[in-house]
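>>> all I have is the shape, not the residue letters:
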C-alpha cells in the first residue's frame, strides 16, 4: 500500500526528512536512499583510514578530514534521474552566484505571538533542557573532569543558562529552541581534545562561515 503524506515532497527538516532530502545540489532523493548511504559510508571510511594510518595531528582533526573526503566524493559523483538527466550532488554554480557575505538580519518582521504554538514550544524547551543535562554530563566524563560535585554543578548551571538564553534568541529568529548535540562528546573522544579554547575557535568558525555565503 502507498503511504499518503500530508507534506509536500520539497519540504525538508528534522520533522520531514523522511519525505525528501533537498539542498544536495540538483539531487532530491528520499531519506535513506542508497546514494546518500554511500556518501555517508565514504565519510565513515575516511574516519577509519585516518584513525588507523594517520599521524597524531591528522587524528586530532580526523572529523574535518573525513568530511572533506566526503565532499570530494560528492563533488565527483553524479546521479541519473528517471528522466535520464544527470544531476550533481554539489551545485558549484550556486557557490559562484552566492554573495561573499550574508548578514543574519537580512529580513525584518513584526513580532507576534501564535497561541497554538506556545505549548509545543514549551515542551521543546523542556526536552532540550533534559537533553542538555545528559550531554553536559557525558562531555564531563569524556573530558575526564568531575561529573558530580560543586564544580560540575557550576558547569551544569552555566550550560543550562546558555542553552536557555540561546533558545530564547532562536525563537525570536523564528527558529525552534536550541539543542545540544551528543555527537560533540564523540568528537571529544575521537580527537582527545577537551580544551575550552577549541570550543571558542569552533564558535568563531561557525559565526564566520555562517556569514560567508560562498563557503
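Noted; the coordinates are in hand. Keep in mind that what you see is a predicted model, and the values were worked out from it rather than measured.
>>> now the helices for the protein?
34-53, 56-60, 62-76, 92-97, 118-142, 150-172, 183-191, 196-211 (DSSP state H).
>>> quick one: closest of the ones you listed to residue 84.
For residue 84, the closest of the helices of the chain is helix 34-53, at 16.5 Å, according to Cβ to Cβ. Placement of C-beta: from N, CA and C, glycine included.
>>> what mean pLDDT does that closest one get?
Averaged across helix 34-53, pLDDT comes to 90.
>>> which residue, other than its chain neighbours, is closest to the most centrally placed residue in the chain?
Nearest residue to the geometric centre of the chain (Cα atoms, centre = their mean): residue 181, 8.3 Å. Nearest residue to residue 181 in three dimensions, chain neighbours excluded: residue 135, at 7.3 Å (Cβ to Cβ, 6 or more residues apart in numbering).
>>> how about the contacts made by the residue lying closest to residue 100 once chain neighbours are set aside?
Distance criterion Cβ to Cβ, 6+ apart; nearest residue to residue 100, sequence neighbours excluded, is residue 214 at 6.0 Å. Taking Cβ atoms under 8 Å, 6 or more residues apart in numbering, we find residue 214 in contact with 95, 98, 99, 100.
>>> quick one: low-confidence residue ranges for this structure.
The chain contains residues with pLDDT under 70 at 1-26, 104-106.
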